[in-house]
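Chemist: Task: produce atomic coordinates for the following.
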Amino acid sequence: MRLFKTSTVTFVLGLLVLAGCISTSPAVHVPLPNDVKIVPPDSGVPSEIRGFSGKWYGVWKGKRDGKEWEREHMLVVERIDRENDKIVVRAIYGCGVLPPDGEASFKRSDAEVDKDNYLILTGGPYCDYQLQPDGTLKAHWWNGRGGERREDSYSIMRRVE
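Modeler: Numbering: from 1, shown residues only. Reported below is the predicted structural model:
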């Protein structure tokens, strides 16, 4: 009987440790391509823009049809180059499942950095990102290309690579 109790306690503790490891792993449900390659920006890129480089994780929070929703989200800024007077950005947008009908997916997209240092995906989905003083990245969703920023749909992201 004592062996059964000890085995049961060990098993339960093992499950709790495993569950803790799984829950702290970011973006377990966000697909990314197998060929992700982050190239550090060169010194010709302004420092306030170089900070976008890397892999970022957060959770979109918003409302749809009057109901609150959440969706895992990753942004990978693979390249930031300066071509003449223009900053050229190559990024990957990845997102998890959004019930009831959304699928987990990713998309490579070009991006631009505007005069206020917002990184804006230009190939869809339509969202922008701004570096924050605390080192996080704040994202907002847009209502289509040229639409309005949705203040009620946002994500606070942290660098994971």
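Chemist: how much space between Val113 and Gln132?
Modeler: 15 Å (C-beta to C-beta, to the nearest Å). For every residue, glycine as well, the C-beta is placed using N, CA and C.
Chemist: more crowded one of those two?
Modeler: More crowded of Val113 and Gln132, by other C-beta atoms under 10 Å: Val113, with 21 against 11.
Chemist: how about low-confidence regions in the chain?
Modeler: Applying pLDDT under 70 to the chain picks out residues 1-28, 100, 143-152.
Chemist: Please enumerate the strands of it.
Modeler: Assigned by DSSP state E, the strands in the chain fall at 54-64, 67-83, 86-95, 105-113, 119-121, 127-131, 137-142, 149-159.
Chemist: From the chain's centroid, how far away is the fifth one?
Modeler: Looking back up the chat, that one is strand 119-121. 13 Å (C-alpha atoms, centre = their mean, to the nearest Å).
Chemist: packing partners for that strand?
Modeler: If you count contacts as 3 or more C-beta pairs under 8 Å, 6 or more residues apart in numbering; DSSP states H and E, strand 119-121 packs onto strand 86-95, strand 105-113, strand 127-131.
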